[in-house]
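*Asks:* no sequence for this one, just the structure:
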């Protein structure tokens, strides 16, 4: 969680702010307030917003939710202030396109890591959850509404190029949030349709050390009743596994697709020691 906050704060201080890009969240509010009150640092504004959001969230969402965001609410403005006091970071690049891309990369990866471990960065992540609980509005929709209002609020203080580069930053960060949340959890789901399904299943138990699920299927043309094998593998296992299936049945019909967040035996729970002579 701390690593995610560090990456997020670094991206804003090193790339977004020096290039005057529009950004969302409490940092965006800080940019707007700084235009009217230059003496107030953005990190100070972010801290105040986080504290107010925590107080409101405590009454509407309860202790458990607030406990999960408490550390981020202090950590993010702290790291934001820390990087603000390193002047050299503001001169890493003078290319606004590079700044937009890397600001989006840092923001997306930082937020994705924080969300991945089950926390939020506090601040303006909390009001959408309250709106969802009290009025039934979608959390995702309310986050987009808040972000849109904040981005529009920065337009008077940014030139047209800054707005366009800011849009690039938001698009990159939005894409990478999902990627970072699923980092390391990508596996391959394989469905094998073959008359020799029992032999293939034994090979999986014996050589791949994975469990299987049998699916009852009916072939479309001949209407034959048979079974298909469903198995989840790591990417590293798939190539050799496919070769082994072809050795058993060269005519096997094999379907492979990416899956994420697999839970259960062999992945998030201990393996079952199956007899090797099954």
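*Replies:* Done, it's in. Note that the structure is predicted; figures quoted are calculated from it, not measured.
*Asks:* from now on I want contacts and neighbour counts done on CA atoms only, so please keep to that.
*Replies:* Noted.
*Asks:* on the three-state scheme, residue 149 is what?
*Replies:* Put simply, residue 149 is helix when judged by DSSP: H, G, I helix; E, B strand; the rest coil.
*Asks:* use 47 as the first number for this chain going forward.
*Replies:* With 47 as the first residue, the last one maps to residue 195.
*Asks:* how close does it get to residue 70?
*Replies:* Residue 195 sits 9 Å away from residue 70, going by C-alpha to C-alpha, to the nearest Å.
*Asks:* those two: who's more crowded?
*Replies:* Ranked by neighbour count (other C-alpha atoms under 10 Å), residue 195 and residue 70 place residue 70 first, with 23 against 14.
*Asks:* spatially nearest residue to that one (excluding sequence neighbours)?
*Replies:* Once flanking residues are discounted, residue 70 sits nearest to residue 193: 5.1 Å by C-alpha to C-alpha, 6 or more residues apart in numbering.
*Asks:* could you find the closest non-adjacent residue to residue 163?
*Replies:* Here the residue nearest residue 163, using C-alpha to C-alpha, 6+ apart, is residue 47, at 6.8 Å.
*Asks:* can you count the residues close to that neighbour?
*Replies:* Counted with other C-alpha under 10 Å, residue 47 comes out at 21.
*Asks:* follow-up on the earlier one: and the residue nearest to residue 70, what pLDDT?
*Replies:* The model reports residue 193 with a pLDDT of 76.
*Asks:* I figured it hits residue 71, correct?
*Replies:* Yes: counting by C-alpha atoms under 8 Å, residue 71 is a contact partner of residue 193 at 6.1 Å.
*Asks:* mind listing the strands for the stretch 47-196 of the chain?
*Replies:* Remark: no strands are assigned in the stretch 47-196 of the chain by DSSP state E, counting those that start in this stretch.
*Asks:* where does the prediction get shaky in it?
*Replies:* In the predicted model, the stretch 47-196 of the chain carries pLDDT under 70 at residues 110-114, 164-166, 168, 184-187.
*Asks:* and the helices in the stretch 147-296 of the chain, which stretches?
*Replies:* 172-181, 185-200, 206-227, 243-249, 281-294 (DSSP state H, counting those that start in this stretch).
*Asks:* just want the most central residue of the protein.
*Replies:* residue 227 (2.8 Å; C-alpha atoms, centre = their mean).
*Asks:* and it, what pLDDT?
*Replies:* If you check residue 227, the pLDDT there is 70.
*Asks:* surely it is in contact with residue 156?
*Replies:* No: the pair residue 227 and residue 156 fails to qualify as a contact (C-alpha under 8 Å) at a distance of 9.9 Å.
*Asks:* now the residue of the chain most remote from its centre. Its backbone dihedrals?
*Replies:* No residue in the chain sits farther from the centre than residue 268, which is 44.6 Å out by C-alpha atoms, centre = their mean. Reported as degrees, to the nearest 10, the phi and psi values for residue 268 are phi -90, psi -10.
*Asks:* mind checking how far it is from residue 69?
*Replies:* Residue 268 is 59 Å from residue 69, by C-alpha to C-alpha.
*Asks:* chain neighbours aside, what residue packs nearest to residue 124?
*Replies:* Nearest residue to residue 124 in three dimensions, chain neighbours excluded: residue 89, at 7.3 Å (C-alpha to C-alpha, 6+ apart).
*Asks:* tell me the strands beside the helix or strand hosting residue 302, with direction?
*Replies:* Assessed by DSSP states H and E, residue 302 sits inside strand 299-306. Using DSSP bridges, strand 299-306 pairs in its sheet with strand 232-239 (antiparallel).
*Asks:* from the chain's centroid, how far away is the partner strand?
*Replies:* Centre-to-centre, strand 232-239 and its host chain are 23 Å apart (C-alpha atoms, centre = their mean, to the nearest Å).
*Asks:* show the average pLDDT along that strand.
*Replies:* Mean predicted confidence for strand 232-239 is 88.
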